[in-house]
Structure formats: structure tokens, C-alpha cells
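> Here you go, sequence then predicted model.
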Amino acid sequence: MSAATPDLAGPGPQRFDTLQAGLDLLDEGITVFDTELRLIAWNQAFLRLLDFPATLAYAGAPFESFIRYNAQRGEYGHDDIEASIAERVEAARGFISHNLVRTRPDGRVLRVRGQPLPGHGFVTLYSDLTEQQRAEHRIHEQNLMLETRVAGRTSELRAINERLMQANSANEQIARSLRRSEEQMRLITDSIPALIAYFDRDRSYRYINRGYREWFGLDPAQPERISAREYLGAQVYAGIKHNVAQALAGEPVSFEYEITTISGRKLLARTTLIPDRTAAGEVAGCFELTFDITEQKRTQELLAQAQKLDALGQLTGGLAHDFNNILTVIIGNLSALCETVAGPADARLDAGLAERLLPDYVEPALDAARRGAELIRGLLTFARRQSLAPCAVDVGALSHTVERLVRRSLPEHLRLDVPAPPAPLWAMADAHQLENALLNLILNARDASPGGGVVSVSASAAELDEGAATERQVPAGSYVRIDVADTGQGMDAATLARVFEPFFTTKRPGAGTGLGMAMVYGFVRQSGGAVSIRSQPGQGTTVSLWLPRVAAPGALDQPDEEMTVANAGERGLALLVEDDAAVRRVVRRSLLALGYVVIEAADGVEASEMLATMPGIRLLLTDVVMPGGVDGRDLARRARERHQVPQVVLMSGYAPGEVQAPGITLLAKPFSKAQLAAVLAEGES
């Protein structure tokens with residue numbers, strides 16, 4: 001066999017060096033030390049990742065020399081260098097498997113995985129975790145380097161072949177040595193968590209590692225019998241064969257595709273093909289390196305979906321702030337107009353005009369404004385900016401309450417099953433919002449099952465480990481899982497990708513706002529939980545909610561009797577702070593009607609001066625988001641701590657976070673005079 005087409009299936013220095021060249025193509029560093037801790041194999045990635053000079057690595061180099069080099073340049077701190085070296089060398093003599101992450105002084109983060117080779121020593125892999133996002137760029141640069149190195153190695157192999165022909169007497173000894181090296185190389189490549197192979201220009205495999213047996217059941221001892229078309233399948237092979245042709249034409253290529261393993265598991269794989277060139281520049285074959293990137297892709301997709309929904313949440317939350325200010329003005333003025341029209345005869349309009357004005361103009365406008373407020377509350381739910389009242393909720397009991405509420409809304413041919421959990425399950429959530437979420441999901445399931453079927457609502461305890469919790473973007477721990485499943489029409493992939501977007505709906509125009517699933521998503525995420533959907537066309541849909549699980553609460557205090565607002569006489573001085581003049585006028589009118597003397601400020605800076613110079617303020621009613629550098633929260637804290645204002649109420653149509661300071665109440669915009677009165681009465685109690 002000529003030097004231009006090296007025999008990778010038989011023994012010889014060509015095969016050893018070809019495998020060495022293949023190892024040098026890996027981004028991961030690798031070293032093999034024998035039982036005496038002497039270096040017998042390495043690659044260039046090892047020297048690069050650990051910043052070792054090339055002169056330090058040679059066959060037989062002692063392990064201690066690398067440790068000493070690191071210690072002398074400060075890799076292990078400023079402790080006793082000799083003691084540090086001795087400690088690490090002694091630990092290495094234990095030949096114990098390890099898998100650790102190490103941060104070098106230059107900031108580079110490396111994963112170091114070591115595995116003993118029984119009877120041969122120890123193999124160690126070094127992975128650079130800091131450059132994963134630039135992997136494709138590095139591959140492109142390394143390909144250019146590898147082409148030059150492969151050409152050089154091919155030339156070296158030709159020279160070695162000529163010398164071997166002149167040294168027939170030493171051939172047997174060299175062959176035995178190469179067979180030992182081949183076994184070591186086989187152990188090394190079989191230890192790498194990837195598929196490594198080589199095929200010639202006729203597309204015949206000459207080498208495969210053990211990964212091919214684990215994925216496809218192939219025999220590494222008989223690579224020449226392997227057909228990519230057979231183990232991948234004709235359909236998959238047809239989709240990638242143009243990449244193989246491109247590599248055999250001399251151009252490195254990386255590509256991704258889906259495969260099915262011998263166990264039936266579907267994986268997303270990324271394969272890189274590097275042409276193997278002879279000294280004459282001809283392509284003799286290709287090196288093949290394949291990784292399983294299924295989890296990596298899944299994580300990227302989940303992250304992209306979460307980022308998209310977060311961006312939509314920020315947009316809708318910002319819009320809700322302005323719309324709630326507008327609706328506050330509209331509802332406040334329309335409510336005042338209703339009171340005027342329906343007031344005493346000497347204070348209201350002509351009776352005939354009033355009778356037409358209220359039902360024909362004012363009341364429909366007020367109802368529309370209130371529906372707009374509900375729509376904005378839905379947007380705030382999706383944006384995770386609503387005010388929640390979380391408490392321990394018995395999920396089983398609440399599910400049965402929802403069952404009673406919704407059962408009459410379901411057609412007779414649709415069965416609703418709500419099995420009770422074996423034991424009470426308590427979740428930390430806002431009971432009202434959870435009830436609304438389950439109602440939404442059940443009604444969606446009804447609409448997706450026009451031909452009848454079964455809708456089930458079940459609850460169970462769930463433990464999420466680090467992997468499962470990271471996938472769902474929640475902390476690991478105990479959760480209550482609620483599944484709402486139907487046997488209806490199901491959804492395709494395009495619908496699933498948009499199901500949580502606000503205003504997206506598959507219902508006919510006018511049949512829904514498209515906020516139901518968005519509100520469910522926002523509520524569960526704001527509650528510290530997660531949502532997932534499994535669905536396929538014709539196979540129904542299952543929506544799963546994970547909510548933090550808590551212990552059963554103790555006896556609860558009885559609620560106080562509802563307070564009523566006394567609207568008689570002066571109730572003291574109120575400071576109203578609002579940057580929107582129209583909103584300020586409406587709220588001022590309500591405060592005056594409730595018996596307050598009102599002073600106004602347009603921002604937090606002006607209000608701070610009033611608090612400092614004007615004694616006797618009994619109530620601070622302030623917007624949260626305001627210009628000028630002093631927002632409503634800052635102003636509320638100053639009023640309570642410095643000026644001892646008895647009652648502080650924050651009002652906002654968009655209030656990121658919850659109000660946690662004692663004595664401070666949050667009032668969501670838009671609100672009516674009655675709602676304002678109720679909040680003030682509650683604060684006085």
C-alpha cells in the first residue's frame with residue numbers, strides 16, 4: 001500500500017500518527033500518563049488550554065515537571081511551592097477518577113476529567129468552558145491549521161515508510177511497539193464522549209471508536225463493513241451526503257442533523273468533517289468527529305423563548321402604566337358624572353335629559369372603560385407586574401371549587417374529571433389568580449374538544465432536581481404539579497411556539513382576547529413556578545403548572561369586620577402626588593368628597609419639600625413611577641420614617657415588585673372613589 005493512501009485498518013506507524021493527528025484536531029486537551037506518571041501521549045489543545053510551553057511536553061516527561069511549572073508561575077497561590085508540588089504528585093499516584101471545574105489565573109475556566117486506564121496509566125481530558133459561544137469560529141481557524149499539519153504529517157509518513165523498508169531487521173520490534181501504541185490510542189479515543197472515525201476517499205470507513213457501538217451497535221473491529229447509509233437510514237443520509245461530498249472535495253464542513261440510536265432514542269448531532277490531504281494536496285479521506293448536542297439545543301430554545309416572553313412582558317407592562325392613567329381619568333370623570341346626574345333634583349340636569357344621558361351614553365362608556373381596565377389587568381398578569389396575595393392554598397379543595405363553578409358551562413358530551421389527590425397538597429400562590437388560571441385552562445380545553453371527550457384536572461407532588469429545575473427555569477425543590485389535560489384537537493408546533501404570546505388566539509374573531517394563556521403564564525412565573533405544554537394535532541393537550549409546595553398552614557385568624565368609611569366632617573390634610581395632571585384632578589375630587597383637605601405635588605421632589613415644611617399631613621397618596629429622581633416608594637419611606645405620616649398609599653398602573661414596607665398600601669389603577677374609600681378605611685383600622 002502506498003504512502004498516499006495510508007492503511008488505517010492495519011498496524012503501522014501511519015495509523016498511529018494518523019490517530020495522533022486526529023487527536024490534535026480536538027478542541028479538548030488530552031494527556032495520558034503511564035503508571036510511573038510519565039507522559040506517553042498528549043495533544044496540542046492540552047498545551048494551549050493550560051498555557052504550557054511546547055518544550056515541556058515530550059515522551060517520558062514526568063508529571064512533576066508540569067506541576068512544578070504551574071507552581072512556579074503562581075497557579076496554586078503563594079503557599080510553600082515544594083509542599084504544594086509534593087501534595088499534588090502524591091494525589092496523582094492514587095489514580096482516582098475525577099471530574100472538576102478549575103479557574104486559571106487568567107480567567108479561563110477549564111473542566112478536567114480524569115479516568116484510569118487499567119494497567120496503562122491515566123487519561124485526562126481538558127475542556128475550555130469559556131469559549132463555547134465561539135466554537136464555530138475556533139473550528140474555522142483550527143481547520144486552516146490542520147490542513148497544513150495533515151500535509152506535513154503525510155510527508156513525514158512517506159519518509160518513515162522509506163526508512164522502514166530499509167530496516168527490515170527491526171520491523172517486528174517496531175510493529176509490536178506500534179500495536180501497544182494502537183491499543184493505548186484505542187483506549188483514549190474510546191474514553192472520549194464523542195464519535196471519532198476516519199473514512200477514505202471512496203467513503204469506506206477505516207476506523208471508528210466505541211461510540212459507534214453505543215449509538216448504532218456497530219463493531220469497531222470491522223470498520224470496512226460499515227455503511228453510513230445503513231446505520232443512519234436512507235432519508236437521513238440523503239440529507240447530509242452533500243456535506244460529505246464537500247469535505248471530500250477538500251473543504252472542512254460542520255452540520256447538524258437528527259438521528260435515531262439503536263435504543264430508539266432521537267438525538268440531535270453535530271458532525272465536523274476535516275479533509276485528510278496527502279503531500280501532493282490530494283484528499284485521501286476525512287476525519288469525522290460527532291457530538292450529541294440535543295440538550296444544548298434544547299437549552300438554547302428554552303432561553304430564546306423565555307427572552308422573547310420577557311421582552312413582551314416589559315413592553316406590555318410599560319403600556320399598561322400609561323393606559324391605566326388614562327382609564328383612571330375616564331372612569332373617575334364618568335363616575336362623577338353618574339353621581340351628578342343621579343344626584344338631588346336641585347343639583348342634577350333636566351330629568352328627561354338625565355334619563356337619556358345615563359343609559360345611552362354615560363353607563364355604556366363607563367362599562368367599556370371598566371372592560372379596558374380588565375384587559376390592562378390581563379396584560380399586567382402576563383408581564384408579571386400585578387399585585388399578588390400569595391398564601392398556602394389547598395390545591396385539591398380549590399380544584400373542586402373550580403369544578404363546581406365550571407361544570408354547568410361544559411356540554412353534556414364533555415366529561416370533567418377532577419380526582420382528589422391522595423393527601424392534601426398545599427401550594428404558595430394567590431388563590432384567586434390560581435382559580436382564574438384553572439378556569440381559563442378548562443374553558444380552553446372545552447373549546448378544543450368540539451366533538452366531546454374528557455377534560456381532567458389532577459394534582460400531585462413533584463420534586464425537581466437541578467437538571468429538571470434548570471430546564472424549567474425555577475429553583476430545585478418541592479412543587480405541586482397541576483395537570484389540565486384534554487382529548488381534543490391538539491396543537492401543531494407553530495401554535496405551540498406562540499401559545500403564551502398576548503393577543504394570540506386560534507379562536508374565531510370576537511370569541512376571545514388572546515390573553516388567557518398569557519395570563520396563566522405570567523401568574524405562574526410571578527408565583528415562582530413554571531408552565532409547560534405537551535400537545536400534538538389530534539392527540540389532545542396537557543398543560544402542566546408547577547407551583548412551590550409549602551407545609552399545611554396552622555389555624556388562621558378570623559378576619560376583621562369590614563370597615564366602612566365615615567364621610568362626615570374634615571378628615572385632615574392629604575398630600576396628593578401625581579405627575580399626570582388629569583389623573584390628579586380626578587383623584588383630588590374623590591379625596592375632597594371623602595372629607596380631606598387636599599394639597600398637590602407634580603413629582604417626588606416637590607412633595608418632599610412639602611413634607612418637610614408643612615406639618616399635620618395625615619395622608620400621603622402618591623403615584624409609584626414619577627420623574628425627577630424621587631419615585632413613590634422613596635417618598636413613602638420618607639413620609640413614614642422622617643415625617644411620621646399616619647397613612648401612606650401608593651397608587652400605580654404599573655408597579656414592579658410588591659409593596660413590603662409596613663404601613664404602606666398599594667392601590668392599583670384605575671380605581672373608583674368607593675375603592676379608594678375602602679383602602680383608606682382599611683388603613684385607618
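Okay, I see it. Numbering: from 1, shown residues only.
> In terms of secondary structure, what does whichever strand or helix holds residue 399 contact?
Following DSSP states H and E, one finds residue 399 within helix 395-406. Judged by 3 or more Cβ pairs under 8 Å, 6 or more residues apart in numbering; DSSP states H and E, the packing partners of helix 395-406 are helix 431-447, strand 453-464, strand 477-486. Where C-beta positions appear, they are placed from N, C-alpha and C, glycine not excepted.
> buried residues in it?
Using 16 or more other Cβ atoms under 10 Å as the test for burial, helix 395-406 gives 395, 396, 398, 399, 402, 403, 406.
> Report the contact partners of the first one.
If I follow you right, that is residue 395. The neighbourhood of residue 395, defined by Cβ atoms under 8 Å, 6 or more residues apart in numbering, consists of 421, 425, 426, 427, 434, 459, 480, 482, 547.
> What count of nearby residues applies to the fifth one?
Summarising burial for residue 434: neighbours were counted as other Cβ atoms under 10 Å, giving 25.
> And for the fourth one?
A count of nearby residues for residue 427, using other Cβ under 10 Å, gives 27.
> go on, residue 408?
For residue 408, using other Cβ under 10 Å, the count is 6.
> Any figure for the gap between it and residue 653?
Separation of residue 408 from residue 653 (Cβ to Cβ, to the nearest Å) stands at 35 Å.
> on that earlier part again, select, out of the helices and strands packed on helix 395-406, the one closest to residue 240.
Closest to residue 240 of these is strand 453-464 (Cβ to Cβ; 36.7 Å).
> which secondary structure elements does that closest one contact?
Checked by 3+ Cβ pairs under 8 Å, 6+ apart, strand 453-464 has helix 395-406, strand 414-417, helix 431-447, strand 477-486 packed alongside it.
> With distance to residue 526 and mean pLDDT as added columns, please give the helices and strands packed on helix 395-406 in CSV.
Converted to CSV, these look like this (distance: least, Cβ to Cβ, whole Å; pLDDT from 0 to 100):
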stretch, distance to residue 526, mean pLDDT
helix 431-447, 9, 83
strand 453-464, 18, 91
strand 477-486, 15, 92
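> Could you list the low-confidence segments of the stretch 501-650 of the chain?
Low-confidence segments of the stretch 501-650 of the chain (pLDDT under 70): 501-516, 554-570.
> For it, just list every one of the helices.
516-526, 581-593, 604-613, 632-641 (DSSP state H, counting those that start in this stretch).
> wait, which of those is closest to residue 237?
It's helix 516-526; of the helices of the stretch 501-650 of the chain, that one is closest to residue 237 (Cβ to Cβ) at 40.2 Å.
> CA atoms only: put the closest one into PDB for me.
Taking Å, rounded to 0.1, in the frame of the first residue of the first chain, the C-alpha atoms of helix 516-526 are listed here in PDB:
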ATOM      1  CA  GLY A 516     -56.000  33.600  28.700                       C
ATOM      2  CA  MET A 517     -52.700  31.600  28.300                       C
ATOM      3  CA  ALA A 518     -50.600  34.800  28.600                       C
ATOM      4  CA  MET A 519     -52.300  35.500  32.000                       C
ATOM      5  CA  VAL A 520     -51.700  31.900  33.100                       C
ATOM      6  CA  TYR A 521     -48.000  32.100  32.200                       C
ATOM      7  CA  GLY A 522     -47.500  35.500  33.900                       C
ATOM      8  CA  PHE A 523     -49.200  34.500  37.100                       C
ATOM      9  CA  VAL A 524     -47.400  31.100  37.500                       C
ATOM     10  CA  ARG A 525     -44.000  32.700  36.700                       C
ATOM     11  CA  GLN A 526     -44.600  35.600  39.100                       C
END
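> Kindly present the helices of the stretch 501-650 of the chain as a markdown table, with separate columns for distance to residue 147.
Listed next are the helices of the stretch 501-650 of the chain as a markdown table, based on distance: least, Cβ to Cβ, whole Å:
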| stretch | distance to residue 147 |
| --- | --- |
| helix 516-526 | 50 |
| helix 581-593 | 70 |
| helix 604-613 | 66 |
| helix 632-641 | 62 |
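> right, so those: which one is the most enclosed?
helix 516-526 (a mean of 24; mean count of other Cβ atoms under 10 Å).
> Could you name the helices and strands sitting against it?
helix 363-382, helix 431-447, strand 530-535, strand 541-548.
> So what touches stretch 75-85?
In contact with stretch 75-85 (Cβ under 8 Å, 6+ apart) are residues 64, 67, 68, 70, 71, 72, 88, 104, 105.
> quick one: which of those is nearest to residue 236?
Distances from residue 236 to the contacts of stretch 75-85, taken by Cβ to Cβ, are shortest for residue 104, at 40.4 Å.
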